[in-house]
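Asker: Structure of the sequence below:
(chains A, B, C and D)
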Number of protein chains: 2
Amino acid sequence: MTAETETGAQPRLPLSRERVLRAAVSLADEGGLKSLTMRRLAESLDAEAMSLYYHVANKEELLDGVAEFVVQEINDVVDRIDLPSAGADWKKAARQRILAAREVLLRHPWAPELLQTRTTAPVAVAKYFDGLLRLMRDGGFSYDLAHHGLHALGSRALGFSQELFNPGDDANSDDSAAMMENMAGQFPYLAGMLMEIVHDDPDSTLGWCDDQTEFEFGLDIVLDGLDRLRSER
Amino acid sequence: MTAETETGAQPRLPLSRERVLRAAVSLADEGGLKSLTMRRLAESLDAEAMSLYYHVANKEELLDGVAEFVVQEINDVVDRIDLPSAGADWKKAARQRILAAREVLLRHPWAPELLQTRTTAPVAVAKYFDGLLRLMRDGGFSYDLAHHGLHALGSRALGFSQELFNPGDDANSDDSAAMMENMAGQFPYLAGMLMEIVHDDPDSTLGWCDDQTEFEFGLDIVLDGLDRLRSER
DNA sequence: TTGTAAGTTTTACATCGTAAGGTGCCATCG
DNA sequence: CGATGGCACCTTACGATGTAAAACTTACAA
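Answerer: Got it, this is the predicted structure:
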């Protein structure tokens, strides 16, 4: 009588830009960016594809919104950190921020790819860099040096690992014996490097590059370099 | 009589994987990655879309081929450089290589986005890193430190600028007066930075960040940092 | 009751990647 | 010589995608 042919279907929450963006993030988390289509997104909200267009201009704008959303998530985390940043402390404070940002990004591995395809920077990115800039100014940076510093950090400032190939790009599988042979011919130095690493640490066939370690190593090189320029005055 | 209904149409070169990849690069150069579709690619070769599949397994494999092709172009340029790399000279040699790689990438602005979406690394990338590794070994790096160094350089090693947003991301247009007002409230430090820069160099409304300068600045920070670790022994 | 606006759905279309199968050509072999 | 078979290319067709256009639904004001 009360409509609804199926078994007591729920009234269903109304859509909203907020809900759409949240669902989009979830979809991407589960299946990557390619699985984020308007139809699937709508389905995950129990609606039709075209309904989304009432809350979002088009897919590009949806993606812009998702990018904004993710960076905002970083800002939320980062804003909860409160460390002294005067003088030499700027470095510890910046390091902490950036590592916190990276933690968020690890939950959204598709975010770098998304951010890179945005033509216009999310406002949240400006906010993030403004905060980082504050730390550097507290540390005694001139605006000019700080400016170069932000460029030098680049996307690493937001926690991007900026490796060329993410997972298991070396030592992927199969018998490494024959592969090493082949490799030694084409890439003698890479082969030499691999052999030494295997020698030093035999149980390192898979994922022998620790992403976290490498990220921190690279980050510290940049931060240390900037700090040196800062204190040189 | 000799077939060909239209005005003396040419016999047309036969397709080949090589020709297909070259055409794909050209298409991307002209209209970006999104304009690279199988149909348009075929059309640019005066053929039908499905004909491409005789030379290329599918679009993913085509993109892999294009990626390989571009990195190979980098390798070609880089191989022509021959600088001493013993001892402290490694840095100059590496710098030169990386700047040469960047020059190639500037002609293919879509390449970073493409490389980032590859799941498997082009062989040419291994070759490139092998060459870089050689320089570092000549310079006296341990394999271990060189390994960290390659990670620290990351995609920058291939000339990626790894800025978050490529062109005109600040100071884009319109009257900057009202914008500054608004900005000063939300992003006081960014606003301060901009104001100082405008003050120092008034004719810098557009593109006041010199990509080349910033790239070299960031690169030198990393190279100097690595060199320091190298000579610390 | 009637109108009006907000929110959602239906229908439809152009464009994309590509599966399946067909066509023309040439070299080889009986 | 004609038959055979493989290579290179084309035709047709299908499902997925983003989205324009217009119809429907609900809630509320006049």
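
Asker: So for chain A, the centremost residue is which one?
Answerer: In chain A, the residue lying closest to the centroid (CA atoms, centre = their mean) is A:L105, at 3.5 Å.

Asker: which SS class is that one?
Answerer: helix (DSSP: H, G, I helix; E, B strand; the rest coil).

Asker: I figured it hits A:Q162, correct?
Answerer: No: A:L105 is beyond contact range of A:Q162, at 11.3 Å (criterion: CB atoms under 8 Å). In this view, the C-beta of every residue, glycine as well, is placed from N, C-alpha and C.

Asker: Please report phi then psi for the closest residue to the residue nearest to the centre of chain A other than its chain neighbours.
Answerer: Of all residues not flanking A:L105 in the chain, A:G159 sits nearest, at 4.4 Å (CB to CB, 6 or more residues apart in numbering or on different chains). Main-chain torsions, A:G159, degrees, to the nearest 10: phi 100, psi 0.

Asker: What score does the residue nearest to A:S35 when sequence neighbours are not counted have for pLDDT?
Answerer: Excluding its sequence neighbours, the residue lying closest to A:S35 (CB to CB, 6+ apart) is A:L27, at 6.2 Å. Note for A:L27: predicted pLDDT of 98.

Asker: so how many other residues sit close to A:L27?
Answerer: 20 (other CB atoms under 10 Å in any protein chain shown).

Asker: Which secondary structure element is home to it?
Answerer: For A:L27, the host element (DSSP states H and E) is helix A:17-31.

Asker: tell me how far the helix or strand harbouring A:D130 is from the chain's mean position?
Answerer: According to DSSP H and E, A:D130 maps onto helix A:123-138. Here helix A:123-138 is found 17 Å from its chain centre; the criterion is CA atoms, centre = their mean, to the nearest Å.

Asker: before we move on, what about stretch A:57-74?
Answerer: For stretch A:57-74, the distance to the chain centre is 14 Å (CA atoms, centre = their mean).

Asker: Stretch A:82-90 too?
Answerer: Centre to centre, stretch against its chain (CA atoms, centre = their mean), the figure for stretch A:82-90 is 24 Å.

Asker: what residues does chain A put near DNA strand C?
Answerer: Within chain A, the residues that sit near DNA strand C (CB under 7 Å from any atom of the strand) are A:P14, A:L15, A:A42, A:A47, A:E48, A:A49, A:M50, A:S51, A:Y53, A:Y54, A:H55.

Asker: Rebuild the residues you listed as a markdown table, extending it with neighbour count and secondary structure.
Answerer: Formatted as a markdown table, the residues of chain A next to DNA strand C follow (neighbours: other CB atoms under 10 Å in any protein chain shown; DSSP: H, G, I helix; E, B strand; the rest coil):
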| residue | neighbour count | secondary structure |
| --- | --- | --- |
| A:P14 | 8 | coil |
| A:L15 | 18 | coil |
| A:A42 | 19 | helix |
| A:A47 | 18 | coil |
| A:E48 | 11 | coil |
| A:A49 | 13 | helix |
| A:M50 | 10 | helix |
| A:S51 | 14 | helix |
| A:Y53 | 14 | helix |
| A:Y54 | 12 | helix |
| A:H55 | 17 | coil |
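
Asker: pLDDT check: weakest of those?
Answerer: Within those, A:P14 has the lowest pLDDT, namely 86.

Asker: Return the backbone torsion pair for it.
Answerer: Residue torsions, per degrees, to the nearest 10, at A:P14 are phi -70, psi 150.

Asker: just checking, what packs against the helix or strand A:F215 falls within?
Answerer: Using DSSP H and E, A:F215 sits within helix A:211-232. If you count contacts as 3 or more CB pairs under 8 Å, 6 or more residues apart in numbering or on different chains; DSSP states H and E, helix A:211-232 packs onto helix A:89-107, helix A:143-153, helix B:143-153, helix B:211-232.

Asker: Make sure A:V123 is actually in contact with A:E68.
Answerer: Yes: using CB under 8 Å, A:V123 is in contact with A:E68, at 6.7 Å.

Asker: So between those two, which is more surrounded?
Answerer: Neighbour comparison, A:V123 and A:E68: the larger count goes to A:E68, with 17 against 13 (by other CB under 10 Å).

Asker: So is the lowest-mean-pLDDT helix or strand in chain A next to chain B?
Answerer: Sorting the helices and strands of chain A by mean pLDDT, DSSP states H and E puts helix A:176-186 at the bottom, at a mean of 78. Yes: under the criterion of CB under 8 Å from any CB of the partner chain, helix A:176-186 makes contact with chain B via A:Q186.

Asker: buried residues in that helix?
Answerer: A:M183 (16 or more other CB atoms under 10 Å in any protein chain shown).

Asker: if we can go back for a sec, which neighbours do A:V123 and A:E68 share?
Answerer: The contact sets of A:V123 and A:E68 do not overlap (CB atoms under 8 Å, 6 or more residues apart in numbering or on different chains).

Asker: do stretch A:88-100 and chain B meet at all?
Answerer: No: in terms of CB under 8 Å from any CB, no part of stretch A:88-100 sits within range of chain B; the closest distance is 12.7 Å.

Asker: domain parsing for chain A?
Answerer: Chain A is divided into the following domains under automatic domain parsing: A:11-56, A:70-161+A:214-232, A:171-208.

Asker: Go through those and pick out the most buried.
Answerer: domain A:70-161+A:214-232 (a mean of 19; mean count of other CB atoms under 10 Å in any protein chain shown).

Asker: No further questions, thank you.
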